[in-house]
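Enquirer: after the sequence you'll find the predicted model.
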Amino acid sequence: MWKDFKAFLMRGNVIDLATAVVIGAAFGKIVTALVDNIIMPCIGMLTSGVDFANMKYVMKAGTLNPETLEMEGEVAIGYGVLINAVIQFIIIAFVIFIVIRLMNKAKEKLVKKEEEEKKEEETPADIALLTEIRDLLKKDA
């Protein structure tokens, strides 16, 4: 059983998937930083300084605690965080689309090149027969 499990783990698909998860997590952090610190401030500037991360719909107003200067008892729906998440998703989806598209084009070129090499290597049967006859005639002459 251990041997089968080890063989399963060592197959390319599992290792590739694990690598993709690690790279994806790191890439997600990069995109989060990009969206939160570069894209959203630019969008906020274009929309008269609106900070999407702090946008919310207050269903029940809270009271300000004078000691901690924090709102207490407030019930709100923070839709600005959702806007940021949607923008992050769109960026990640676009980047993945570009990467997959480039990989598919590279794969198509490789397949096309292999097919051309295969065509060049294959000699038609009639040509091979004529070449063999020629070689026999040269040998006899």
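Expert: The structure has been received and is ready for your questions. Numbers count the residues shown, from 1 in each chain.

Enquirer: what about the protein, any weak spots by pLDDT?
Expert: 9, 12, 141 (pLDDT under 70).

Enquirer: which stretches in it count as helices?
Expert: 2-10, 12-34, 40-46, 79-121, 125-140 (DSSP state H).

Enquirer: from G28, how far off is the residue nearest the centre of the chain?
Expert: In the chain, the centroid-proximal residue (CA atoms, centre = their mean) is I96; its distance is 2.9 Å. Distance, I96 to G28, using CB to CB, to the nearest Å: 11 Å. All C-beta atoms are positioned from the backbone trio N, CA, C, and that covers glycine.

Enquirer: A7 now?
Expert: In terms of CB to CB, A7 sits 31 Å off from G28.

Enquirer: look at these two and report which has more neighbours.
Expert: When A7 and G28 are compared on other CB atoms under 10 Å, the one with more neighbours turns out to be G28, at 12 against 9.

Enquirer: CA atoms only: put stretch 95-115 into PDB for me.
Expert: Taking C-alpha atoms only, stretch 95-115 is exported to PDB below (Å, rounded to 0.1, in the frame of the first residue of the first chain):
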ATOM      1  CA  VAL A  95      -3.100  36.300 -16.600                       C
ATOM      2  CA  ILE A  96      -3.900  32.600 -16.500                       C
ATOM      3  CA  PHE A  97      -5.700  33.000 -19.900                       C
ATOM      4  CA  ILE A  98      -2.600  34.600 -21.400                       C
ATOM      5  CA  VAL A  99      -0.300  31.900 -20.000                       C
ATOM      6  CA  ILE A 100      -2.500  29.100 -21.200                       C
ATOM      7  CA  ARG A 101      -2.800  30.700 -24.600                       C
ATOM      8  CA  LEU A 102       1.000  31.100 -24.900                       C
ATOM      9  CA  MET A 103       1.500  27.500 -23.800                       C
ATOM     10  CA  ASN A 104      -1.000  26.200 -26.400                       C
ATOM     11  CA  LYS A 105       0.700  28.200 -29.200                       C
ATOM     12  CA  ALA A 106       4.100  26.800 -28.100                       C
ATOM     13  CA  LYS A 107       2.600  23.300 -28.100                       C
ATOM     14  CA  GLU A 108       1.100  23.800 -31.600                       C
ATOM     15  CA  LYS A 109       4.500  24.900 -32.900                       C
ATOM     16  CA  LEU A 110       6.200  21.900 -31.400                       C
ATOM     17  CA  VAL A 111       3.600  19.500 -32.800                       C
ATOM     18  CA  LYS A 112       3.800  21.200 -36.200                       C
ATOM     19  CA  LYS A 113       7.600  20.900 -36.100                       C
ATOM     20  CA  GLU A 114       7.500  17.300 -35.100                       C
ATOM     21  CA  GLU A 115       5.000  16.500 -37.900                       C
END
